[in-house]
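> Next one to model:
(3 chains)
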Amino acid sequence: MTDMTLSAPEPRKRRSNWQLLMANRLAAAGLFLFGFIVILAVLAPVLPLPNPDITDQPNRLLPPFADGHLLGTDHLGRDILSRLIWGTQVSLIVGVSATALAAIFGSLIGLVAGYARGATDSVLMRFVDMLMAFPYILLAIAIVAALGPGLLNALYAIAIVNIPFFARNIRGVTVSIRNREFVDAARLSGKSHPAILFTEVLPNVLPVIVITMSTTVGWMILETAGLSFLGLGAQPPTSDLGSMLGQARAQLFTAPHASIIPGIMIFVLVMCINLLGDGIRDVLDPRLRSGALDRPMPITKIDRKTKPAATLEDAPALVVDNLSTGFDDGKAITPAVRDISFRLGKGECLGLIGESGSGKSVTALSLMGLVASPPGVITAGGVYVGGREVLSLREQELIGLRGGRVAYVFQDPLTTLHPLFRVGEQIAEAILVHESVGKSEAHRRAVELMETVGIRDARSRASAYPHELSGGQRQRIGIAMALANDPDIIIADEPTTALDVTVQARILELLQNLRRERGLALLLITHDFGVVAQVCDRVAVMKNGEIVEQGETGAVLRDPQHDYTKRLIACVPELGEGQAFLDRVRPLFVEART
Amino acid sequence: MSDNAVEMRDLVKTFGGGRSLFGRRASEVHAVKGISLDLQRGETLGIVGESGSGKSTLARMLVGLEAPTSGTMQIDGKPWAELAATGSRAFGRTIQYVFQDPVASLNPRKTIGEILDVPLRLLCGYDAGKRASRKKELVDAVQMPLDTLERFPHEFSGGQAQRIAIARALAAEARILVLDEPVSALDVSVQAQVLLLLQQLRDDLGLSYLFISHDLAVVESISDRVAVMYLGEVVEIGPAARLFAAPQHDYTKALIASAPRLTSPDIA
Amino acid sequence: MTAYIGKRLLAAIPVILGLSIIVFLVMKLIPGDPAQALLGSYATPDNVERINRALGLDRSWPEQYVIWIGNLLQGDFGRSYILNRPVIDEVLDRFSATLILAGASLLICSVLGILAGIVSAVRQFGWTDRIVTFFVLIGISMPAFFLGLVLILLFAVQWRLLPASGMYAVYGGGDLPDLLRHLILPAGTLAIVATGVVARLTRAAMLEVLRQDFIRTARAKGLSENAVIYRHAFRAALVSIIPVIGIQTGFVLGGAVYIETVFQWPGLGQMLVKAVSTRDLLLVQGGVLVAATLYVLVNLLADVAQAMLDPRLKA
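Numbers count the residues shown, from 1 in each chain, chains lettered A, B, ... in the order given. Model (predicted):
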């Protein structure tokens, strides 16, 4: 999969964060509305508003649009518009201060715990766990109960109960950054622990702090308003939006506007903060930006200008004809694989070799429409399995071929097997999709397959989970699953790259034997010429999405035609060659130095 | 003072084994079990082993990122314990480390210039002018263009990032380098270039290398002597040419037999 | 599995002890003479003397804590001087009402939230996704206490469909249909925020899982899209959804404070608000401790459920 991520289109000119935020219409709308509210609240002292605290009993509970009171008056005859703007100011200040307090203390705890690890981590995080063990608002209520009702006390209470949230989030990120090698490198460059924490780790954690703040500030405003609503926060004569709502509640039935207006204000304020917060999160989270969290479709998008012939006479097991696949970033399609053609006969093994970014994995996944889309698009060409063009088939038919006539073995069996299902189940499932047999029969055959691929004690190992097996055993399970429906073609994508050499040798031997016994057509994707030399009859060399050379393995290795192939083969150190290798390759790079 | 850049005696590292909250002993992992090795001055000692052989733990102990459970080390004639007591700067001046994943070893939020500045300032104590000229020398030494200094790590390919990481290790002016799988994450053509660079730097600057890798052919191409590690022990050590031509230990033999070769005697 | 449950149960004990320590320390925040504060206007010299003796307020903090926790373990949570009855009796009376309210909302938010989250992930960027995202946004931005008032205005005042307050009708109520009629508005209001959060996280968890390598393997096996999504992806996503539901219990229990006040629901939340405003501190203490213990136990259940789904966690 490495070549996929590497060759995924990277926007030439990266837009600034601000431009990205503005491109998100909802976030931009949230920002402008929020900005408007903030300006109103800040300007409250200079706006031509009546004093919010002057009572006027004769004019109590006036409806909106009354003379001189645009939004009416409350139960004491105070102007609601004026109170609303002043109340918004209080709510904003309290919410933002609570967020800032929680962010500072929570982040500090998280940073120190995550960086120090060990006992410091345990003690700090146990404390945080205790705070988190309280149902959210109840701890705040207990704190207010002890300190006495009041706006400042409510602020402290809300800040304290939100500290764990920050601490947990920040600790998680800090731990993962602390394990990155640049932290060790900084240590070896002579930096002290505090210096590393604040100059190396903190800059990398900062986006997460900002994201957490922007997604919680709305929540904090809601909670402080809530405490005031209950009469535990702002005390008269100070009032925030929550206490306005709380006081007006008694007149809910006679003068609903007095409750509804502050309620809507809270809602609008929190909503635009949330829109803005989501926008900020989307901009700062690199995974969201790169589309790495887009839902992949069942089949790669196929968008070919011309449809190739539906069938091919006298075709070998697999024919790939001028296949092109690209990645669509919304504006243009960046090609990853261009005009790939090769043929693979029954019982034959073709090696597809290339360096990272050469498009070899994309080629392998394109054959059965497994390139994740978005962003993948197959833009041209055809794939013939048994003479039939499969990319023109209906979705259901193509899915029926997967795991049936064409099976895959992937690179890292720890991530490619489902972590929550027993391995026997996973093999049996592959059988059940394609054949209507009973569950117990499928299980029996799964155990048989495990024996075929050389797993000892298969009956009991069938009930193991992937994480309970070694890397080599897991890859054997992957192979057993591929064999489940006696396929004609197996596509193995770097099947031994994650394994140690001694294990690799055994897995390759297994694939060789299966190929001979069952007459399988094997397409082997690898970056290792040694593996190709050992296993493949023919080899195709890929570079920048194209096949630059293909031929019989021995011939290509002995006498490569293309300059790229020559250079690539020359760069492979040969066991037994010793230091002569470096003398041999030195001339290759002489011109590159200038 | 001995001739050796590094001396390890009966080095042991055990992870875990502490008691849990309820007094049950957590399971122990014996990562390194009693290793004694010497790295001579100006020599490249290769260490080969598969995953779990303890080779990375050994490397991390040498540079002070892990503490040994027992055993002693002498680095550049100074006892390990003495360096550890003095702090990380003493280590950094004596021995440096190049990591496997070059991209992860560079802080994504710092320019290359800022990254190289740290060891020059903290380990060598140079003033700003001297640092600026040293940075240029270093970038040149690893054959990178000068504008490298203003750029960020993500702008470089894996091979380029590894050159930069090597430059940082050189910045400290330590004479001993621990190279932990420095070319494993790289494509073959890039791998060859980095190996050439490492060889040249060693010859030009008179460095001593401890070169760790799982790839036998790579180790053989750059090492004078090679040690084979298996489950935390050195099972065989010898001159590179001798070891690969006539392996003694069964595990070494299995390793050599498993390695894929271009010129396989029997393709059939 | 039993060993795992046992281990988790044991691990819950220090958490509950920690809770009690925090509550104890919070009560130490009380400015001035604690006995005076605890008793409020009931602070006759006689009562102050009694409280000081019962809580050992003349001794060191650790000693006080031991006395206090000893009393708690014997079911002695002290006495509410305002209600003139033992705290534990009042708390237990109100406990079931809160349990019904919180349980109902939790059920609603889990079912609706998970369904909405899955649908919106599967139809990412489609119309269903946009509609769900829109409602989720409203849900998480809406103050529950305000929504409650609006719903009362609409359903009880305007349309006269549902009762505005209480748990049972004052005259001739008391059966299950009556309870359900009274439950709809408060439980629905309480569930809205939590549903938004659950839907949002379910969507994110599903999208995360759908990009994993093992989903590609499932597709390469030839599984139908439904099997890929509902068997393979959902199963894996559920592992991260379950703790979210555990945490939502806390939000629902906390949110109950507002909802019970707005709808006059005779539960713990309403009791706490009254107790805080009358500064009936022992009652606050008892209510918070009981609710927190319940929350710890629910999270324990969530942990166990998660471990049953994910064998990697049992190790």
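
> SS state for the residue nearest to residue A:413 when sequence neighbours are not counted?
Closest residue to residue A:413 apart from its sequence neighbours, by Cβ to Cβ, 6 or more residues apart in numbering or on different chains: residue A:474 at 3.6 Å. Just so you know, the C-beta spots here come from the backbone N, C-alpha and C atoms, and that holds for glycine as well. Recorded secondary structure, residue A:474: helix (DSSP: H, G, I helix; E, B strand; the rest coil).

> Please look at residue A:474 and residue A:468 and confirm they touch.
No: between residue A:474 and residue A:468 there is no contact under Cβ atoms under 8 Å: 9.5 Å.

> residues contacting the most centrally placed residue in chain C?
Centroid-nearest residue in chain C: residue C:253, 2.5 Å away (criterion: Cα atoms, centre = their mean). Going by Cβ atoms under 8 Å, 6 or more residues apart in numbering or on different chains, residue C:253 touches A:135, A:136, A:138, C:98, C:102, C:291, C:294, C:295.

> pLDDT check: weakest of those?
Across those, no position has a lower pLDDT than residue A:136, which has 77.

> Report how many residues lie close to it.
24 (other Cβ atoms under 10 Å in any protein chain shown).

> Backbone dihedrals for it, please?
Per-residue torsions, residue A:136: phi -30, psi -70 (degrees, to the nearest 10).

> Tell me how far the nearest residue to it once chain neighbours are set aside lies from residue A:202.
Of all residues beyond its chain neighbours, the one nearest residue A:136 is residue C:254 (4.0 Å), with distances taken as Cβ to Cβ, 6+ apart. Between residue C:254 and residue A:202 the computed distance is 32 Å (Cβ to Cβ, to the nearest Å).

> Could you list every helix and strand in contact with the top helix by length along chain B?
If you go by DSSP state H, chain B has its longest helix at helix B:188-205. Secondary-structure packing of helix B:188-205 (3 or more Cβ pairs under 8 Å, 6 or more residues apart in numbering or on different chains; DSSP states H and E): helix A:563-570, helix A:580-585, helix B:158-171, strand B:208-213, helix B:216-222.

> Of these, which is nearest chain C?
Of all the helices and strands packed on helix B:188-205, it is helix B:158-171 that lies closest to chain C, at 21.6 Å by Cβ to the nearest Cβ.

> quick one, which of residue C:254 and residue A:202 is more surrounded?
Set residue C:254 next to residue A:202 and count neighbours by other Cβ under 10 Å: residue C:254 wins out with 24 against 18.

> What pLDDT is listed against that one?
89.

> residue contacts, whatever residue of chain B ends up closest to chain A?
For chain B, the residue closest to chain A is residue B:260, as judged by Cβ to the nearest Cβ, at 2.7 Å. Applying Cβ under 8 Å, 6+ apart, we find residue B:260 in contact with A:501, A:504, A:505, A:508, A:528, A:529, A:530, A:531, A:533, A:534.

> in which helix or strand would I find the second one?
It refers to residue A:504. helix A:501-518 (DSSP states H and E).

> and the residue of chain C nearest chain B?
For chain C, Cβ to the nearest Cβ, closest residue to chain B: residue C:10, 7.5 Å.

> That residue belongs to a strand?
No: checked against three-state DSSP, residue C:10 lies outside a strand; its state is helix.

> distance of it from residue C:17?
For residue C:10, the distance to residue C:17 - Cβ to Cβ - is 12 Å.

> any residues in contact with both of the two?
What both residue C:10 and residue C:17 touch, as defined by Cβ under 8 Å, 6+ apart, is an empty set.

> Look at the residue lying closest to residue B:4 once chain neighbours are set aside and tell me its secondary structure.
Leaving aside its sequence neighbours, residue B:4 sits nearest to residue B:38 (Cβ to Cβ, 6+ apart; 4.7 Å). With three-state DSSP as the basis, residue B:38 sits in strand.

> give the contact list for residue 298.
No chain specified, so I'll use chain A. Neighbouring residues of residue A:298 by Cβ under 8 Å, 6+ apart: A:395, A:399, C:219, C:225, C:228.

> other chain: chain C
Neighbours of residue C:298 in contact, by Cβ under 8 Å, 6+ apart: C:246, C:249.

> Just want the phi and psi numbers for it.
The phi/psi pair for residue C:298 (degrees, to the nearest 10) is phi -60, psi -40.

> any idea how far residue A:217 lies from residue A:246?
22 Å.

> Likewise for residue C:216?
Residue C:216 is 54 Å from residue A:246, by Cβ to Cβ.

> These two: who's more crowded?
Between residue C:216 and residue A:246, residue A:246 has the larger neighbour count (other Cβ under 10 Å), namely 25 against 22.

> who's in contact with the more buried one?
A:228, A:229, A:230, A:231.

> switch to 6 Å and redo it
A:229, A:231 (Cβ atoms under 6 Å, 6 or more residues apart in numbering or on different chains).

> and it, backbone torsions?
Dihedral angles (degrees, to the nearest 10) for residue A:246: phi -60, psi -40.

> before we move on, which element is the spatially closest residue to residue A:284 that is not a sequence neighbour in?
Counting by Cβ to Cβ, 6+ apart, residue A:284 lies nearest to residue A:207, which is 4.4 Å off, once chain neighbours are set aside. Using DSSP H and E, residue A:207 sits within helix A:202-229.

> cool, residue A:104 as well?
Residue-wise, residue A:104 maps onto helix A:80-116 under DSSP H and E.

> Within range of chain C, give me the residues from the stretch 301-450 of chain A.
Residues of the stretch 301-450 of chain A lying close to chain C by Cβ under 6 Å from any Cβ of the partner chain are A:370, A:399, A:402-404, A:408, A:415-418, A:420, A:430, A:433.

> Let me know the secondary structure of the closest residue to residue B:234 other than its chain neighbours.
Nearest non-adjacent residue to residue B:234, counting by Cβ to Cβ, 6+ apart: residue B:227, 4.9 Å away. Secondary structure state of residue B:227, per three-state DSSP, is strand.

> what do you get for residue C:69?
helix.

> Tell me the helices and strands packed up against whichever helix or strand residue B:252 is part of.
Element membership of residue B:252 [criterion: DSSP H and E] is helix B:250-258. Identification of packing neighbours for helix B:250-258 by 3 or more Cβ pairs under 6 Å, 6 or more residues apart in numbering or on different chains; DSSP states H and E yields helix A:501-518.

> least trustworthy helix or strand in the chain by mean pLDDT?
No chain specified, so I'll use chain A. helix A:2-7 (a mean of 35; mean pLDDT, DSSP states H and E).

> um, chain C though
Per-SSE averages on chain C (mean pLDDT, DSSP H and E): minimum helix C:34-39, a mean of 73.

> Centre of the chain to the next helix-or-strand element following it, how far?
Once the chain leaves helix C:34-39, the next helix or strand it forms, by DSSP H and E, is helix C:45-55. Averaging C-alpha positions (Cα atoms, centre = their mean, to the nearest Å) puts helix C:45-55 34 Å from its chain's average.

> swap in stretch A:523-530?
Remark: stretch A:523-530 is offset 29 Å from the chain centroid, using Cα atoms, centre = their mean.

> ditto for stretch A:24-37
The answer for stretch A:24-37 is 27 Å, by Cα atoms, centre = their mean.

> Also stretch A:244-256?
The answer for stretch A:244-256 is 46 Å, by Cα atoms, centre = their mean.
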